[in-house]
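Chemist: Attaching a predicted model along with its sequence, questions to come.
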Amino acid sequence: MTIKWVKVDPLVMRGEPFCYGTRLTVRQILELRRAGYDLARLLREHPELRLVGIAHAYRYAAEHRDRYGEFFARNGSLVGPGLTDEEAATLPEELRIPGVVVAAKARAASRGSKASG
């Protein structure tokens, strides 16, 4: 059986997309991320969540930006801490979306190294 990690059912959570096996909507997970919750805190405070479910919620939001646009920065990344490369290592490749699931990396100041050459 394949699990659909984000479900939409008009009879559950007033039709809000929610994470399989939880009472958390995609919007609530995005609000927690925007409030600074990292993976460890999400899993500690919501043990019913699974890493893959969180990643699917982030991807769902990216695929429905018309509904979740307020959670995206100008550069297109989700606001708040995403997963680290290490945390995302066990996810399928299609879920390791930079800036959405995996935290956007800060741009290195490469001008100094270019100028020295």
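Modeler: Received the coordinates, thanks. Residues are numbered from 1 along each chain as shown.
Chemist: quick check: mean pLDDT across stretch 23-34?
Modeler: Mean pLDDT, stretch 23-34: 97.
Chemist: who touches it?
Modeler: By C-beta atoms under 8 Å, 6 or more residues apart in numbering, the residues outside stretch 23-34 that reach it are 6, 13, 16-19, 42, 46, 48-49, 54, 57-58, 60-61, 68, 71, 78-82. All C-beta atoms are positioned from the backbone trio N, CA, C, and that covers glycine.
Chemist: Kindly report the same for stretch 39-59.
Modeler: In contact with stretch 39-59 (C-beta under 8 Å, 6+ apart) are residues 5-6, 19-24, 26, 29-30, 32-33, 37, 78, 81-84, 87-88, 90-91, 95, 97, 100-101.
Chemist: ok now that stretch, how far from the chain's centre?
Modeler: Centroid separation for stretch 39-59 versus its chain: 9 Å, with C-alpha atoms, centre = their mean, to the nearest Å.
Chemist: Ends of that stretch, what's the gap?
Modeler: End-to-end distance for stretch 39-59, by C-alpha to C-alpha, to the nearest Å: 15 Å.
Chemist: Which ones among the contacts of stretch 39-59 map onto strands?
Modeler: 6, 19 (DSSP state E).
Chemist: Only whichever of the contacts of stretch 39-59 are buried, select them in ChimeraX.
Modeler: Only the buried entries of these go into this ChimeraX selection, using 16 or more other C-beta atoms under 10 Å:
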select :5,6,19,20,22,24,26,29,30,32,33,37,78,81,82,83,87,88,91,95,97,100,101
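Chemist: Mark which of the contacts of stretch 23-34 are buried, thanks.
Modeler: 6, 13, 17-19, 42, 46, 49, 54, 57-58, 60-61, 68, 71, 78, 80-82.
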